[in-house]
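Colleague: Have a look at this prediction, sequence included:
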Amino acid sequence: MVDVEFQPFSIKVDSYNVVIFSIGTSSQKDWLGAGPGYMSSFVHIYKKKRCVFFRKFLEESCIIEGFDGTEKVCEFKGSTPSEAWKNSGILSKMNGLALFGLEHPATIEALKKHQIPKCQPKDWNDKPTMDKLYKYHLHRRTITNIDWYSLFFTWFNQTNSILELRTSLSKIYPSNYQFSEREVQAWHSFLRAAGCTNITPFKSDVSMVCFNFKFIIV
């Protein structure tokens, strides 16, 4: 099954049902790691009308927009979520980070997953990008001094986009090397993060230690 990048979800903040319908990240500590691309919403009364309030991030600001149907009735900005809510004069006594949906465990987990380094096969010739993936997914879970990059280089330059993992790994590891299940899982994560899909038609009861798996460039 192909991994699903993100699915919108709802959380409860005080009495409000907050919907997180897209994820984006940044290095902004005051935004708890969220960034452009992140959007959330909830319904609240504004000037005696039931409005939908959307919250999002631009490169340097936090935005709150209120809509009555398709009509935008208000917009507020701030350098932080708390400042944006304070400027709105709405719910200003509540925690601005919470109102953006950022303090809920489900949101924190979604942001964490989104920050996992990824790339596509077209990026395999970018060694610094591949190094980031290697260090995150595999470096601490396998032996040192393996030429892991040659696997991607060879694969990308061959005519067949399908790779038999066990055979390919045998070319870069010592002969008779014994893989742990954790190590194989790390390789699977590494390959998925590099834009590959597991196409092995094995059932879940087949041991991963056998790792007779195939991946295809997508």
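Modeller: Sure, I can see it. Numbering: from 1, shown residues only.

Colleague: separation between the residue most central in space within the chain and residue 34?
Modeller: For the chain, the residue nearest the mean C-alpha position is residue 114 (1.7 Å; C-alpha atoms, centre = their mean). As judged by C-beta to C-beta, to the nearest Å, residue 114 and residue 34 stand 9 Å apart. No exception for glycine: its C-beta is placed from N, CA and C like everyone else's.

Colleague: do residue 72 as well
Modeller: For residue 72, the distance to residue 34 equals 22 Å [C-beta to C-beta].

Colleague: for residue 52, same thing?
Modeller: 19 Å.

Colleague: try residue 133
Modeller: Taking C-beta to C-beta as the measure, residue 133 falls 23 Å from residue 34.

Colleague: ok, now residue 198?
Modeller: Counting by C-beta to C-beta, the gap between residue 198 and residue 34 amounts to 31 Å.

Colleague: Looking at these two now, which is surrounded by more residues?
Modeller: residue 34 (30 against 17; other C-beta atoms under 10 Å).

Colleague: and the longest helix belonging to the chain, how far from the chain's centre?
Modeller: Assignment by DSSP state H gives helix 181-193 as the longest helix of the chain. Mean-position distance between helix 181-193 and its chain equals 17 Å (C-alpha atoms, centre = their mean, to the nearest Å).

Colleague: Check stretch 62-80 too.
Modeller: With C-alpha atoms, centre = their mean, you get 26 Å for stretch 62-80.

Colleague: Span of that stretch from start to end?
Modeller: End-to-end span of stretch 62-80 (C-alpha to C-alpha, to the nearest Å): 6 Å.

Colleague: so for that stretch, what's the average pLDDT?
Modeller: Averaged across stretch 62-80, pLDDT comes to 96.

Colleague: One more: stretch 10-25?
Modeller: Mean pLDDT, stretch 10-25: 93.

Colleague: list the buried ones in it?
Modeller: Neighbour-count burial for stretch 10-25 flags 11, 13, 16, 18, 19, 20, 23, 24, 25 (criterion: 16 or more other C-beta atoms under 10 Å).

Colleague: Let's have these in a markdown table, adding secondary structure and distance to residue 167.
Modeller: What follows is the buried residues of stretch 10-25, written out as a markdown table (DSSP: H, G, I helix; E, B strand; the rest coil; distance: C-beta to C-beta, whole Å):
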| residue | secondary structure | distance to residue 167 |
| --- | --- | --- |
| 11 | strand | 46 |
| 13 | strand | 51 |
| 16 | strand | 54 |
| 18 | strand | 49 |
| 19 | strand | 46 |
| 20 | strand | 42 |
| 23 | coil | 37 |
| 24 | coil | 39 |
| 25 | strand | 37 |
